[in-house]
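Chemist: Make a model of this:
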Amino acid sequence: MSQDYNNPAFKKLLEKLQEESWQLELLISGFAIFGLFTAYEPINFYLEEALATGQDYKRAIFTVAKISCIILIFSLLIHVLLRGLWIGALGLRYVSGDIDYEELNYGEKFTKYLKKRVGSFDKYIATLENYCSIIFAASFLLIFYVLAMTFIIITIAFIANNILDNDLVPDWLKMTLGIPMMLFIVIGMFLTFIDFITQGFLKKKKWLSKIYFPFYWVFSFITLSFLYRPLVYNFLDNKFGRRFSFILFPLFIVIFVSFSLDYNFSNYFSLDNNSNDYISNRENYEDLLDEKTGFVDNVIIQSKVIKDNYIKVFLPYSQRVEDRVFRLNKGLKPEDDIRGIKSDIVVFGNNNINFSKRDSLRREYIKTFNTIYYAKIDTTVVETSFIVSQTKKGTLGFETYLPTKNLSTGKHILEFKRKALNKEKDTVYYSITKIPFWYYPD
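Modeler: Next comes the predicted model:
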């Protein structure tokens, strides 16, 4: 029956489902809001981890997931509030019926004004119903818009990395294929955006529509708009939907601004201040890290107050660290860089791995790392011997232990530094972080 959409029985079924859809809306919204609030913290954690470790593909995935989560939470909460108001209005109508302006016994001026502005109570209920239904549908339509923007950015990045910035691609192919493709995507992106905010202006003008159609056809696949296009045009074919569509773009801005708001309680200090000589940030101390996540995105020591005869120093791994190792020891950079997404599936016949060579390269890697990174306590350089290790939560990084037998009791500053080569190939030293601690042995 669902295939014969002109069948009267099917249309009758749709009308019945329309009348009862509010129950499904509330059920889906309730479960979705609960799930989204539960998922928001892990998504934010994995996004921070991807940013800290330089995993671009994970950063893109979790950025989209976080944006989608924020949009859905915001819009579904509004939907639940309005739907609750709608249910309350229905209950009140059952008890009190329509608004009886004569019973209110107001003056003639107020009675005329209220009849014109407020009108029928049934009209108010119908308006709430329209808003609830449209907001619920638009909540998921907004996610498709986010995905559309994401796929456009991915397409641009793909052309730039695999054609324009690929040394294996000849220059003539870059000029004849890469540049025209990039121009087509960039121009099409702007035309699609203009058509979106003007609600189809480019489709209405005869000569503009002919120019715009090739871009529209290609971008329908890039943005996956063929999946949700009927929903969009159903919004735009009535006055109420067009008005709502006008606020979608400002709504994006309002949502992101509202979730970025924070309260500054000082003109000089905040919770985001990095550790230095006079500030200690909890993210630099292992025993103060969040118990749930335990994510390490900076240099850490075991505690703010050191009672042991050693200081444990841990630096989390990131692709930037490995890039620095490659710059100082070019012999370690492999011809085939396997960093990024990989599969655990083993291809038969690929057993020609020289394990002894890999072990020697790993040792050379650690040796190079130890020549790049070093530590100072106060003004004294301390000998370090880093090895690859993991935290309890599985964060990969580099770990070493510094002796404290020569330290006096009281406050000290651990400074973690690295060396690098500048453009003139001169050796320069950068301070990564300064971590204050207090040494009070038992």
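
Chemist: Show me which parts of stretch 21-36 are buried, residue by residue.
Modeler: 22, 25-26, 29, 32-33, 36 (16 or more other Cβ atoms under 10 Å). For every residue, glycine as well, the C-beta is placed using N, CA and C.

Chemist: any idea which of the residues you listed is closest to Leu177?
Modeler: Leu36 (42.1 Å; Cβ to Cβ).

Chemist: Give me the phi and psi for the closest one.
Modeler: phi -70, psi -40 (degrees, to the nearest 10).

Chemist: returning to that earlier point: adding secondary structure, write the buried residues of stretch 21-36 out as CSV.
Modeler: Shown next, in CSV, are the buried residues of stretch 21-36 (DSSP: H, G, I helix; E, B strand; the rest coil):
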residue, secondary structure
Trp22, helix
Glu25, helix
Leu26, helix
Ser29, helix
Ala32, helix
Ile33, helix
Leu36, helix
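
Chemist: where does this structure have its least confident helix or strand?
Modeler: Using mean pLDDT, DSSP states H and E, the weakest-scoring helix or strand in the chain turns out to be helix 248-260, at a mean of 71.

Chemist: and the buried residues of stretch 21-36 as JSON lines, adding distance to Leu183?
Modeler: Shown next, in JSON lines, are the buried residues of stretch 21-36 (distance: Cβ to Cβ, whole Å):
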{"residue": "Trp22", "distance to Leu183": "48"}
{"residue": "Glu25", "distance to Leu183": "44"}
{"residue": "Leu26", "distance to Leu183": "48"}
{"residue": "Ser29", "distance to Leu183": "43"}
{"residue": "Ala32", "distance to Leu183": "40"}
{"residue": "Ile33", "distance to Leu183": "43"}
{"residue": "Leu36", "distance to Leu183": "39"}
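
Chemist: And the furthest pair within the residues you listed?
Modeler: Trp22 and Leu36 (20.4 Å).

Chemist: okay, the most centrally placed residue in the chain: pLDDT?
Modeler: For the chain, the residue nearest the mean C-alpha position is Thr63 (1.6 Å; Cα atoms, centre = their mean). As predicted, Thr63 sits at a pLDDT of 86.

Chemist: quick one: contacts of stretch 104-117?
Modeler: The set of residues external to stretch 104-117 that reach it, using Cβ atoms under 8 Å, 6 or more residues apart in numbering, is 101-102.

Chemist: Also stretch 370-385?
Modeler: With Cβ under 8 Å, 6+ apart, stretch 370-385 has contacts from 311, 313, 315, 324-325, 328, 386, 398, 400, 402-403, 407, 412-420, 432.

Chemist: hey, C-alpha coordinates of it in PDB?
Modeler: Output of stretch 370-385 as PDB, limited to C-alpha atoms (Å, rounded to 0.1, in the frame of the first residue of the first chain):
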ATOM      1  CA  ASN A 370      65.600  12.200  24.300                       C
ATOM      2  CA  THR A 371      67.900  14.600  22.500                       C
ATOM      3  CA  ILE A 372      64.900  16.900  21.700                       C
ATOM      4  CA  TYR A 373      63.100  17.000  25.000                       C
ATOM      5  CA  TYR A 374      64.700  17.700  28.400                       C
ATOM      6  CA  ALA A 375      63.700  19.000  31.800                       C
ATOM      7  CA  LYS A 376      64.900  21.600  34.300                       C
ATOM      8  CA  ILE A 377      64.100  21.900  38.000                       C
ATOM      9  CA  ASP A 378      64.400  25.600  38.900                       C
ATOM     10  CA  THR A 379      67.600  26.500  37.000                       C
ATOM     11  CA  THR A 380      69.300  23.100  36.900                       C
ATOM     12  CA  VAL A 381      69.100  20.800  33.900                       C
ATOM     13  CA  VAL A 382      68.100  17.300  34.900                       C
ATOM     14  CA  GLU A 383      69.100  14.200  33.000                       C
ATOM     15  CA  THR A 384      66.100  12.400  31.500                       C
ATOM     16  CA  SER A 385      65.700   9.000  29.900                       C
END
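
Chemist: Separate out the buried members of the contacts of stretch 370-385.
Modeler: Buried among the contacts of stretch 370-385 by 16+ other Cβ under 10 Å: 311, 313, 315, 324-325, 328, 386, 398, 400, 402, 407, 412-418.

Chemist: Which members of these occur in strands, if any?
Modeler: 311, 313, 315, 398, 400, 402, 412-418 (DSSP state E).

Chemist: how about those, which pair is most distant?
Modeler: Applying Cβ to Cβ across these, the maximum distance is between Phe398 and His412, 21.6 Å.

Chemist: Let's have the ones in strands among the buried ones among the contacts of stretch 370-385 in TSV, adding pLDDT and distance to Tyr113.
Modeler: Below are these laid out as TSV (pLDDT from 0 to 100; distance: Cβ to Cβ, whole Å):
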residue	pLDDT	distance to Tyr113
Ile311	94	76
Val313	93	74
Leu315	92	70
Phe398	93	74
Thr400	94	78
Leu402	93	79
His412	95	75
Ile413	94	72
Leu414	94	72
Glu415	93	72
Phe416	91	71
Lys417	90	74
Arg418	89	73
